[in-house]
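A.B. asks: for reference, the sequence and a predicted model appear below.
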Amino acid sequence: MKEKIENKELIKKILTCLNKSDSDDFSEEDLASIENISLSPKLANGRETGLTVRDIFFFSNLKSLTLRDFELSMDDIQLIANRKEIENLSFISCGFDDIDFDKITNLPESLKFISCESLPRKFPRVKKVDIDLSSVDFDSISLESTLELIIRNSKVKNVHDIERYENIIAVNLDGSKLIGENGQEIQDIKVSKNTLYSHEEEKRYETAKSTYQNEEDLER
């Protein structure tokens, strides 16, 4: 199967996922066993890998996909959305080329945005939104269909009470600075009586974020 894949970096990543050595081959069944993959168009040293979003077609049973350092288009996102077996999708340091998520159908139910500088104008309507960004506009998040909202270590602008959204079962704002619609910093927001709410101090989450960064470096 190795000879059918031209990209050497993708071959290395596949062998790593399968715990195989560089001299080992792999089969289509091996590829089908991979449920979690992380793709990036460049390595930590800046060297290009040649990997693209279309490389997900090699993996027929993906459950979790992480994209890092990509400039993404509507076509890229729809291509991923068409893979209905993907349940969790993470964007790390990605840019979004004027993407309107409301026009994308069949998105995974869980989306994570980490350290993305170029953000979508409107976050998609999904059940779980997990955001870890330098700045977030609260009004850009669709709350009508969200079950779990996580915004950690971020400056959140235009924050307001969301107690009327009884569909939201959990809100986690740990480590985030909340700025109200009048530009003033606020301590907390009101949520529905059935919603689990957390807004802890930032210090408790610095270590967790650092650990995630170390894991990210290892994946590269």
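C.D. replies: Perfect, thanks for sending it.
A.B. asks: what are the contacting residues of stretch 24-35?
C.D. replies: Outside stretch 24-35, the residues that touch it by Cβ atoms under 8 Å, 6 or more residues apart in numbering are 1-2, 14-15, 17-18, 20, 58-64. All C-beta atoms are positioned from the backbone trio N, CA, C, and that covers glycine.
A.B. asks: quick one, helices of the chain?
C.D. replies: Under the criterion DSSP state H, helices of the chain are mapped to 8-17, 28-32, 74-81, 203-219.
A.B. asks: against the centre of this structure, work out the most remote residue.
C.D. replies: What lies farthest from the middle of the chain is residue 23; by Cα atoms, centre = their mean that is 32.8 Å.
A.B. asks: tell me the pLDDT at it?
C.D. replies: pLDDT recorded at residue 23 is 90.
A.B. asks: and it, how close does it get to residue 15?
C.D. replies: As defined by Cβ to Cβ, to the nearest Å, residue 23 lies at a distance of 9 Å from residue 15.
A.B. asks: residue 4 now?
C.D. replies: Counting by Cβ to Cβ, the gap between residue 4 and residue 15 amounts to 14 Å.
A.B. asks: any low-confidence regions in the chain?
C.D. replies: The chain contains residues with pLDDT under 70 at 118, 121, 202-220.
A.B. asks: next, name the residue at the spatial heart of it.
C.D. replies: Nearest to the centroid of the C-alpha atoms of the chain, with distances taken as Cα atoms, centre = their mean, sits residue 90, at 2.1 Å.
A.B. asks: so what's that residue up against?
C.D. replies: 64, 65, 66, 67, 111, 112, 113, 114.
A.B. asks: what's the most distant pair in the residues you listed?
C.D. replies: Farthest pair in the contacts of residue 90 (Cβ to Cβ) is 64 and 113. Separation: 15.1 Å.
A.B. asks: more neighbours, these two?
C.D. replies: Counted by other Cβ atoms under 10 Å, residue 64 and residue 113 do not tie: residue 113 has more neighbours, with 22 against 16.
A.B. asks: pretty sure the more buried one sits against residue 133.
C.D. replies: Yes. The pair residue 113 / residue 133 is scored as a contact, 6.0 Å apart, by Cβ atoms under 8 Å.
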